[in-house]
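[1] pasted the sequence and its predicted model underneath.
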Amino acid sequence: MTGAIEAAAALVAGAHSVVVFTGAGMSAESGVPTFRDDLTGLWARFDAERLATPEAFHADPDLVWGWYEWRRSRARRAEPNAGHRAVAALEAAVPGTTVVTQNVDDLHERAGSAAPNHLHGSLFAPRCIGAGAHPAVFPDAEEPQEGRRLAPPRCDACGALVRPGVVWFGEALPEEALRAAVAAAASCDVLLTVGTSGVVYPAAEIPRIAARAGAAVVQVNPDPTPLDAVSTLNLRGTAATILPALVPV
Ligand code: BJW
């Protein structure tokens with residue numbers, strides 16, 4: 001394993017352009033649950049994949065809004081971990097670094113990453129479901145409690161319900177973030193894929209695009225994933241333990 005980490009560090013040190021592609025495992029050591037881990041507590045009776053759909057929101061807005069408000073408050077209280085800080089340090093060491101994240105928290109930004117491409121939106125950018133998709137401004141609810149349903153606020157501008165600013169199944173990804181991610185993947189020397197199961201598309205194409213274009217793909221994940229097949233090096237470990245060893249000093 002030490003040899004593989006050294007080999008990965010050498011690839012990164014020699015690169016002019018690096019893409020860091022992150023998923024929920026990146027924030028796991030900050031206490032943010034991964035998407036496909038078992039949910040704990042009262043939410044355990046809900047299937048996360050079934051809550052992350054427009055259909056679920058239309059059928060039961062209070063259930064879905066309550067779940068997202070609970071997650072938003074957890075994300076707000078979380079702190080970046082050593083992995084997020086290593087990614088920001090890598091950006092400083094290799095100027096041609098692009099961070100592409102599927103995560104809806106803001107831990108990359110808070111660790112110092114300049115402008116990560118958020119492919120699946122953000123917990124901190126709610127908007128209304130009206131035709132204007134107005135950004136929503138509303139006072140924070142009292143501390144949301146796990147398992148508590150909560151009525152979404154109404155838009156000040158048009159009165160429509162406010163929804164989380166994330167990308168649900170069946171919805172298009174933000175066009176510019178996806179375009180920039182695909183372009184960076186197609187032209188990088190090295191792509192680091194960190195803490196993602198690699199099963200949700202089109203985001204899961206990003207490491208595959210880099211591999212097809214001839215980049216070295218380095219995966220950081222304690223468990224095997226379908227991305228093993230396209231990875232030049234598979235580093236079996238966590239984001240916070242492995243990533244600091246990959247930053248050029
Ligand atoms: C650690 C660790 C540690 C643990 N350190 N690692 C092609 C084929 C098949 C299906 C499709 C396809 N193209 C599209 C689809 C449909 C669908 C899809 O992909 N379905 C599959 C599940 C089958 N995709 C969509 O619907 C997308 N939209 C779309 O295609 O639109 C088309 C369209 C075009 C034009 C107009 C209209 C429509 C949208 C996908 C949106 C995904 N949204 C979610 C929810 C976001 C909001 C929220 O958070 O609630 O995004 S789903 C969820 O999965 C979330 C995540 O970003 C995403 C990926 O999950 P991630 O990050 O990989 O997390 P996990 O939990 O799966 O994995 C964690 C990993 O970390 C594990 O491997 C652990 O081992 C590891 N780990 N601890 C490092 N400490």
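    Noted; the coordinates are in hand. Here the structure is a predicted model, which means the values were calculated and not measured.

[2] so what's Ala240 up against?
    The contact partners of Ala240, taken as C-beta atoms under 8 Å, 6 or more residues apart in numbering, are 29, 81-83. Where C-beta positions appear, they are placed from N, C-alpha and C, glycine not excepted.

[3] and those residues, which two are furthest apart?
    Pairwise distances among these were taken by C-beta to C-beta; the largest, 7.7 Å, belongs to Glu29 and Ala82.

[4] what are the buried residues along the lengthiest helix in the chain?
    Ranked by residue count and defined by DSSP state H, the top helix of the chain is helix 61-77. Neighbour-count burial for helix 61-77, with 16 or more other C-beta atoms under 10 Å as criterion, is recorded at 61, 63-75.

[5] keep those, but drop any that are not near the ligand.
    Among these, no residue is within reach of the ligand (C-beta under 6 Å from any ligand atom).

[6] can I get those residues in JSON lines including pLDDT?
    Listed next are the buried residues of helix 61-77 as JSON lines, based on pLDDT from 0 to 100:
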{"residue": "Pro61", "pLDDT": "96"}
{"residue": "Leu63", "pLDDT": "93"}
{"residue": "Val64", "pLDDT": "95"}
{"residue": "Trp65", "pLDDT": "95"}
{"residue": "Gly66", "pLDDT": "93"}
{"residue": "Trp67", "pLDDT": "90"}
{"residue": "Tyr68", "pLDDT": "93"}
{"residue": "Glu69", "pLDDT": "93"}
{"residue": "Trp70", "pLDDT": "90"}
{"residue": "Arg71", "pLDDT": "90"}
{"residue": "Arg72", "pLDDT": "93"}
{"residue": "Ser73", "pLDDT": "92"}
{"residue": "Arg74", "pLDDT": "90"}
{"residue": "Ala75", "pLDDT": "94"}
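
[7] out of those residues, who's nearest Ala9?
    Ala75 (30.1 Å).

[8] sorry, back to before: what is the nearest of the contacts of Ala240 to Arg148?
    Nearest to Arg148 among those, with distances taken as C-beta to C-beta, is Glu29, at 26.6 Å.

[9] is the closest one in contact with Arg85, as I believe?
    No. Assessed by C-beta atoms under 8 Å, Glu29 is found out of contact with Arg85, at 11.4 Å.

[10] now Leu227: closest residue in space, sequence neighbours ignored.
    Gly198 (4.0 Å; C-beta to C-beta, 6 or more residues apart in numbering).

[11] select the helix or strand of the chain having the lowest average pLDDT value.
    One helix or strand of the chain scores below all others by mean pLDDT, DSSP states H and E: helix 48-51, with a mean of 78.
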